Each structure stands twice: as C-alpha cells, then as structure tokens.
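Visitor: Structural data only, the sequence is not supplied:
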C-alpha cells in the first residue's frame, strides 16, 4: 500500500470542496443546528425537571457524540458517492490504485471532514450551553475512538452496499444511524430496552460508550474492561466491513458491474 496513492483520494476531495461551497456548507451548519436545537431542549428539561439532574452533559453530550459518529460514517460514504455520481469507478480502478489504498483514502477523507464537524460542535456546545467534554475525563479519548472506528465500519459497509446494488441504493445508507441508535442506547439506559433489544445492543460498540458516559455523569465508576469490549467489537466490525467491501468489489470486477455502473443497475 502506497500512502501517496491514498492521499490522492484526499486531494480529490479537497479540490471538490474548494470548488463548491454547497459541499462545504453541510460540514458544519447541520451539526451546529443539531447542537443548538438539542441544547435548548436540555435547558428546558433542566427548568421543568425537579430531579436536580443536569441534562446538558447527559443528553446534549449524547447528541454531540452520536453526531460525531454519524459524520464519520457520512465522511466515508460521501467521498464514495462522489465517484458514484460522477461515474468515476472505471477511471479510478484503471490506475495502479489498489482497493486498500482506495478505502484508506475514503477513511482519511472522513477524518478530515468529521474533524471539522467535531470542532464546530464542541465550540457551539461549550460557548452557548457550557458543555465541556473534559467532564468525561480521560475516557473521552476511548469514547471518541470507539465511535470513530464504528462510524468508519458503517461507512465502508454502506459504500459496499451501494457498489453492489447501484446508485439508487444510497437510500439504504442514509437511515443506518437512525436504525442503529435505538439499540445503541444513545438517549436512555440499555435497561430501558426489552431483553431481545438488549442482546443486540451488547453487540454494538456505541452502547458501551453511552452507558459509560451516563455512568460518569451520575458520579459512578465505569469499568475500563467493559470499554475494551467496545473497542474490540469496533475493530472487528471494521475488519468485516473491509472484507465485505473487497468481496463486493471483486464481484463487480468479475461480472463487469463496474463497466455498466448506472442508476439502473439495482439488481
């Protein structure tokens, strides 16, 4: 694997962003709107709740972390979709670029774009609603790591689905975070869920992050060993997603799907 070839994917995304303000706009505006909306909701809940619980670090913090995961996933898929929409696959894979270099470029592009979103969310949440991520302590680093790795896995998986089914299948990708969030316990403890949903939740790395976040906010002690399960699962999902993408790519090459790739190739 040659890092310079993966960097070429990033350079392409940079040129696309530089030449199109409409692509830059979503990087920070929608996350800022999310934080502002949920920030005022948490203020309202603090005002009407008699429990004395501060909803800002628990609820608004959960929104911020989940938005980060979503932006990481979309960072991968949007970079991939640029090649889908421009019918660019033949051009890319006619070069010496390998599949691992291409996926690596997608991941690096996601790091750049999701970092912008994270910075905007932290600034808005901190300056307007007094939310400090440092309230989570040193565990903030593994929390973000788990969400980042799982977001990358979802992005690679979603890209593979579209590569296999065609451009119109992108509508299968956008709802993925919404489908996963009820099982991940983003806004409520896993104990709230029925047993069958709890079983699925324990297979999802984000559930360990949000359970740990609520434990810390409530003043409890969170086991680092438990978080290691989240890290391990996230790494496993990345490996499975890369395997799935590679398998789909080889199928597309073998069957000629890449050559006839179009909006009608959903079959």
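Guide: Ah, there it is. All values derive from a computational prediction rather than experimental measurement.

Visitor: So residue 12: helix, strand or coil?
Guide: helix (DSSP: H, G, I helix; E, B strand; the rest coil).

Visitor: OK, contacts around it?
Guide: Residues near residue 12 by CB atoms under 8 Å, 6 or more residues apart in numbering: residue 82. For the C-beta atoms, the positions are set from N, CA and C on the backbone; glycine is no exception.

Visitor: Also residue 203?
Guide: Contacts of residue 203 by CB under 8 Å, 6+ apart are residue 233.

Visitor: Regarding it, what are the backbone dihedral angles?
Guide: phi -90, psi 0 (degrees, to the nearest 10).

Visitor: In terms of secondary structure, what does the strand or helix carrying residue 245 contact?
Guide: Using DSSP states H and E, residue 245 falls within helix 224-255. Contacts defined by 3 or more CB pairs under 8 Å, 6 or more residues apart in numbering; DSSP states H and E place helix 224-255 against helix 99-129, helix 140-165, helix 205-217.

Visitor: Give the buried residues for it.
Guide: Across helix 224-255, burial judged by 16 or more other CB atoms under 10 Å covers 227, 229-231, 233-235, 237-238, 241-242, 244-245, 248-249, 252.

Visitor: Between those, which sits nearest residue 167?
Guide: Nearest to residue 167, judged by CB to CB, of the buried residues of helix 224-255 is residue 252 at 13.1 Å.

Visitor: Go ahead and confirm residue 5 touches residue 101.
Guide: Yes. Using CB atoms under 8 Å, residue 5 is in contact with residue 101, at 4.4 Å.

Visitor: Of the two, which one has the most company?
Guide: residue 101 (20 against 17; other CB atoms under 10 Å).

Visitor: From residue 248, how far out is the more buried one?
Guide: Distance of residue 101 to residue 248, given as CB to CB, to the nearest Å: 17 Å.

Visitor: what's the answer for residue 105, then?
Guide: With CB to CB as the criterion, residue 105 and residue 248 are 17 Å apart.

Visitor: Same check on residue 217?
Guide: 41 Å.

Visitor: Repeat that for residue 255.
Guide: Distance from residue 255 to residue 248, by CB to CB: 11 Å.

Visitor: Then residue 189?
Guide: Noted for residue 189: a distance of 37 Å to residue 248, by CB to CB.

Visitor: Please tell me the pLDDT value assigned to residue 18.
Guide: The per-residue pLDDT reported for residue 18 equals 81.

Visitor: check contacts around it.
Guide: Contact partners of residue 18, counting by CB under 8 Å, 6+ apart, are absent.

Visitor: Can you list the low-confidence ranges for this structure?
Guide: Low-confidence segments of the chain (pLDDT under 70): 1, 50-52, 222, 259-267.

Visitor: helix, strand or coil for residue 219?
Guide: For residue 219, the secondary structure call by three-state DSSP comes out as coil.

Visitor: Can you list phi and psi of it for me?
Guide: Dihedral angles (degrees, to the nearest 10) for residue 219: phi 90, psi 10.
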